[in-house]
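got a sequence here, can you build the structure:
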Amino acid sequence: MADFIETSKSRNAKRTYDKIADADTFESVVSAFAADSTMGLTRKEAGAETYKTRIDYFDAAGEDKGYLNFYASDKTAYEDMASLLKGTEAAETAAGVGGSASTDSTEDTWSAKFSCSLGEDTFTVTITREYMLVNGFELDETLAAVETWADTQTALGGQSA
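Down below sits the predicted model:
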């Protein structure tokens, strides 16, 4: 009979912070992570990015008539589509309201995921509007490297570099 042999001890850590105010700031943080060389990561591959916005539709009397959630894979498409959906009579007419539309920015969510390695330790880093998650790491040094970097990012609850 063959027994299972433990091959790793996967750990996760989550850092929460105040909501990132806007997509530009979020994109700046994601770009800073992608470009950083201070963590000593031996591999850092960008994965999926997701941007979600909500467009609320109102009739001519200002009554709420519905909403639409829109998901995009990059910031430009997210901004372009939000602008189109809330700013054209055709979109408002297609929604069947004939009134107006607006973005509910409190519903906006953004996330970016990276597959990373620090030496032999492989893990993922997910940055969102409200938290940063490090999944699947084994070594304290890995978490310390990512945390030290995050401490330099004001938007992630750290002190400005």
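
drop to CA atoms for contacts and neighbour counts, all remaining ones
Will do.

for residue 78, grab phi and psi.
Dihedral angles phi and psi of residue 78 (degrees, to the nearest 10) take the values phi -60, psi -50.

I'd guessed it sits against residue 53; true?
Yes - using Cα atoms under 8 Å, residue 78 is in contact with residue 53, at 7.3 Å.

neighbour count winner among the two?
Per other Cα atoms under 10 Å, whichever of residue 78 and residue 53 has more neighbours is residue 53, with 22 against 19.

isn't that one up against residue 107?
Yes - using Cα under 8 Å, residue 53 is in contact with residue 107, at 6.4 Å.

about what we covered before: list the residues that contact both of residue 78 and residue 53?
70, 71 (Cα atoms under 8 Å, 6 or more residues apart in numbering).

quick one: least confident helix or strand in this structure?
helix 89-94 (a mean of 56; mean pLDDT, DSSP states H and E).

report how many residues lie close to the residue lying closest to residue 139 once chain neighbours are set aside.
Closest residue to residue 139 apart from its sequence neighbours, by Cα to Cα, 6 or more residues apart in numbering: residue 121 at 6.9 Å. Residue 121 has 17 neighbours, counted by other Cα under 10 Å.

quick one, phi psi at the residue nearest the centre of the chain?
Taking Cα atoms, centre = their mean, the centroid of the chain lies closest to residue 111, which sits 1.6 Å from it. Phi and psi for residue 111, reported as degrees, to the nearest 10, are phi -150, psi 150.

do the same with residue 83
Dihedral angles (degrees, to the nearest 10) for residue 83: phi -60, psi -40.

wait, a helix at residue 148?
Yes - Residue 148: assigned to a helix according to DSSP: H, G, I helix; E, B strand; the rest coil.

for it, give its distance to residue 79.
Plainly put, residue 148 is 32 Å away from residue 79 if you go by Cα to Cα, to the nearest Å.

can you pull the buried residues of the longest strand seen in the chain?
Taking DSSP state E as the criterion, the chain has its longest strand at strand 43-58. Neighbour-count burial for strand 43-58 flags 44, 49, 50, 51, 52, 53, 54, 55, 56, 57, 58 (criterion: 16 or more other Cα atoms under 10 Å).

who's in contact with stretch 71-81?
Residues contacting stretch 71-81 (Cα under 8 Å, 6+ apart): 23, 27, 48, 49, 50, 51, 52, 53, 70.

and it, how far from the chain's centre?
In terms of Cα atoms, centre = their mean, to the nearest Å, the centre of stretch 71-81 is set 13 Å apart from its chain centre.
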